[in-house]
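Novice: sequence first, predicted coordinates after that:
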Amino acid sequence: MAGPSANAASSLAIDERALGARGHGIPWGASGGQCNAWPTPDQELLLGAALLPDGRAVDAWRKLRPRLVDADLDPAAESMLPALRANLVERGVGGELPEEWHELHRLTWARNQMLLAGVLPLVGELERSGIATLLLKGAAFLTDPDLDGGRRPMVDVDVLVPTERAGAAIEVLTGAGLVPLGGEPPWYVADYAPRFVPSHGFWRAGEGQVDLHWHVLHASCQRGADEDFWAAAVPVEVMGVRTRTLCPADELLHSILHGLRWSPLPTYRWVLDAALIARGRRGEVDFGRVVEQARRRLSVAPVRAGLAYLLRVAGAPIPRAALAHLDAHPPSGWERAEFRAQTTQPRHRSRAQRLLIEHQQYARRRVPLGERPSSSRRLALAREELGFERWRDLRPGDVLAGGSPGPGRPASEMAAAIGAGGADPAAPAVAPGTALELDRPDVARRYVAHGVWLPEPGGCWIAGREARLVLPLQRPVTGVLLLSVRADGFLNTRRFRERIEVRANGRHVADFQLDGVRTALLDEGRVLPARAVAGRSTLELVLRTPDAASPAELGLDDDDRRVSVRLRRLVLHEPHPVGIGEGVALGEGSDDERVLAGGWGGPEPFGRWTLGPRAALLLRVETTPGALEPGPLDVELEARAFVGRPGRRVLAEVIANGQRIGSVEYDDPEVGHSATRLPLPAGVIGSNRLLMLRFRIRDPISPAALALSADTRPLGLFVRGVGLLPRAPGQV
């Protein structure tokens, strides 16, 4: 979701096509934007022209025609054109339609047949594997030879399998060469997608898309939720493949509940499907079953609203008795509020609506079908959802932050956080210097115990307030380690701060902050002290980000995942050995990450800049075998400073293992690199042979502050290298 306002869509992997955009992100018929799931007035006219069974369709068409013909239509509007043409031809005004529309019916029919021909063999393969199947939505319509298959375009085939067989079905599809839509690995779809969606798409080039369902409805994802759907299913055979469809009443319920949820791509085609079902095109509808199913699934509010809408806009034959029966069993306040929230665009939801959706998403997976939770039950569910055994453990801010960190939290409608809570016993041991590239899903799966969203290009976002990684080490640690962290975050808004607190094996070891200093990337190192890591064969890293929020919460886009910092790479280093008379080069092409201990910018040709007033390097001094203490040594610093303009001075103090060893002053903006030797006091290098060099830079400043460039980094020293040299004889 770079910076949230300019690059949110690209860096959070939001599909621009899913925004319903025709170039500017605005669906057809929604000139002022579309902030909820209900059709706009122009979209209602389109539905009426396509569905009304009398002269009202012609009236709607003539009102609509100036804004529809030659318009740049989005996929939702385009999908209505075959039904619109067919209905207007029946009304005797087909001659008013654009000439190219007359081929739509034939083309739609042909494309649908090609899609079915490519996908139905996969349905047959599932059946032969002992996995029952059931066709949903458009595919169910096309199984009926009495229906006009040219009126209803399809882009995928929706197939339901029993919930407990979803994993086996995914194996069949991937074994046939299909891959998850969106690039997710199959294990993520099998293990994590059921936490937030009832289905996921799979596709294979040239053969269309399968939307694999393990539940029929978002509103019913608890154990046994689909048993009565299967029990009432209707056997069908199409293109030689035997499968099933929902009974007409369940199809009508599914069309309404699926359509009346916010989607980036407008979903008002549900009105077309539901109107055809209500008119008996798929068999007589048992409206008593529709009412009972709505009550059982605590979905009276959307079903009542959907049936009334079909009656008003599409002229569908909805019995008044069905509406009266629903009115006699009014929904609870929870259900009405949930319905309003679900139809609202995520970026326009209130904080209360976001919390309600998260709670209902959890409750609808935990509460038995048909049970309306009491207030005490809801309190217990909320406590479970937030991850607390006792309410007294709840801390201020925990509710808004998504609860106690752990597997499955925080909640989202569009993703599940990775991590099962513990170490993966099959994870390979991590050797010093091994980079954990966190844009790779397999790396996150192996080492993340909880708290990151699925990796995407660039890295993985910490999910909520905390990520926990468990790293088995190749060998026990004998001293200290250097942890190198590369990360970025939301850096172009003052409403957001990005902080990372790092704990190693339960001990606080570092704090990072992404701010105006690091406008694109945090690339830092910190020492993990011996008290935290020595003697350990496993390293548990906890990265806490207290400032997480979702882009939807900030009004930036519709992604409701709580994020703050995106982890790109983690590397563990042992301190870099430096022999007497040797040095360490910094910059591109070097191995300088093994010495960086904080305060540095990214690698550049021939060196790195210090950023801000402090920076540090950590070296391990190699001495002659058996020597208790190296002879007198000097530190050689090859560097220049960013002076910027005449009259400025830059003073850099150098501290070795806590003792000041000297300072270097720069006052000429034209002077290049110079080598400076500073003497190390006797005994400053202890028995552990570690040398921590710290630089304190007075008055670092950015080129932007001096009007020299747009670079806002506070630059101090540009260091090319550091060396340890024996002191010359006679030198003090």
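Specialist: Structure received. Residues are numbered from 1 along each chain as shown.
Novice: select the longest strand from this protein.
Specialist: In the chain, ranked by residue count with DSSP state E as the criterion, the top strand is strand 715-726.
Novice: helices and strands around it, which ones?
Specialist: strand 576-579, strand 582-585, strand 608-611, strand 614-622, strand 633-641, strand 650-656, strand 690-698 (3 or more Cβ pairs under 8 Å, 6 or more residues apart in numbering; DSSP states H and E). Where C-beta positions appear, they are placed from N, C-alpha and C, glycine not excepted.
Novice: in CSV, list these along with distance to Arg486.
Specialist: Putting those into CSV (distance: least, Cβ to Cβ, whole Å) gives the following:
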stretch, distance to Arg486
strand 576-579, 18
strand 582-585, 20
strand 608-611, 14
strand 614-622, 17
strand 633-641, 24
strand 650-656, 26
strand 690-698, 21
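Novice: can you give me the strands for the stretch 351-500 of the chain?
Specialist: 435-437, 448-450, 460-461, 466-472, 481-489, 498-504 (DSSP state E, counting those that start in this stretch).
Novice: repeat that for the stretch 51-200 of the chain.
Specialist: Using DSSP E, counting those that start in this stretch, strands in the stretch 51-200 of the chain cover 134-136, 157-160, 179-180, 199-203.
Novice: neighbouring strands of the third one in the sheet, and parallel or not?
Specialist: This means strand 179-180. Strand 179-180 has its sheet partners listed here by DSSP bridges as strand 199-203 (antiparallel).
Novice: before we move on, the earlier item: ok, which of the helices and strands packed on strand 715-726 comes nearest Ala401?
Specialist: With Cβ to Cβ, the closest approach to Ala401 among the helices and strands packed on strand 715-726 belongs to strand 608-611: 29.6 Å.
Novice: list the helices and strands the closest one packs on?
Specialist: Against strand 608-611 (3+ Cβ pairs under 8 Å, 6+ apart) you get strand 715-726.
Novice: tell me which residues in the strand it packs on are buried?
Specialist: Leu715, Gly716, Leu717, Phe718, Val719, Arg720, Gly721, Val722, Gly723, Leu724 (16 or more other Cβ atoms under 10 Å).
Novice: quick one: that strand to strand 614-622, angle?
Specialist: 20 degrees (axes from the mean of the first three to the mean of the last three Cα atoms, to 10 degrees).
Novice: domains for this structure, by residue range?
Specialist: Per automatic domain parsing, the structural domains of the chain span 1-26+405-572, 346-401, 575-732.
Novice: any idea of the mean pLDDT for the longest one?
Specialist: Model confidence over domain 1-26+405-572 averages 80 on the pLDDT scale.
Novice: tell me how far it lies from the chain's centre.
Specialist: Relative to its parent chain, domain 1-26+405-572 has a centroid offset of 12 Å by Cα atoms, centre = their mean, to the nearest Å.
Novice: tell me which residues of stretch 465-483 come out buried.
Specialist: By 16+ other Cβ under 10 Å, the buried positions in stretch 465-483 come out as 465-473, 477, 480-483.
Novice: correction: stretch 400-410
Specialist: In stretch 400-410, counting by 16+ other Cβ under 10 Å, buried: Ala401, Gly402, Gly403, Ser404, Pro405, Gly406, Pro407, Gly408, Arg409, Pro410.
Novice: fine, thanks again, bye for now.
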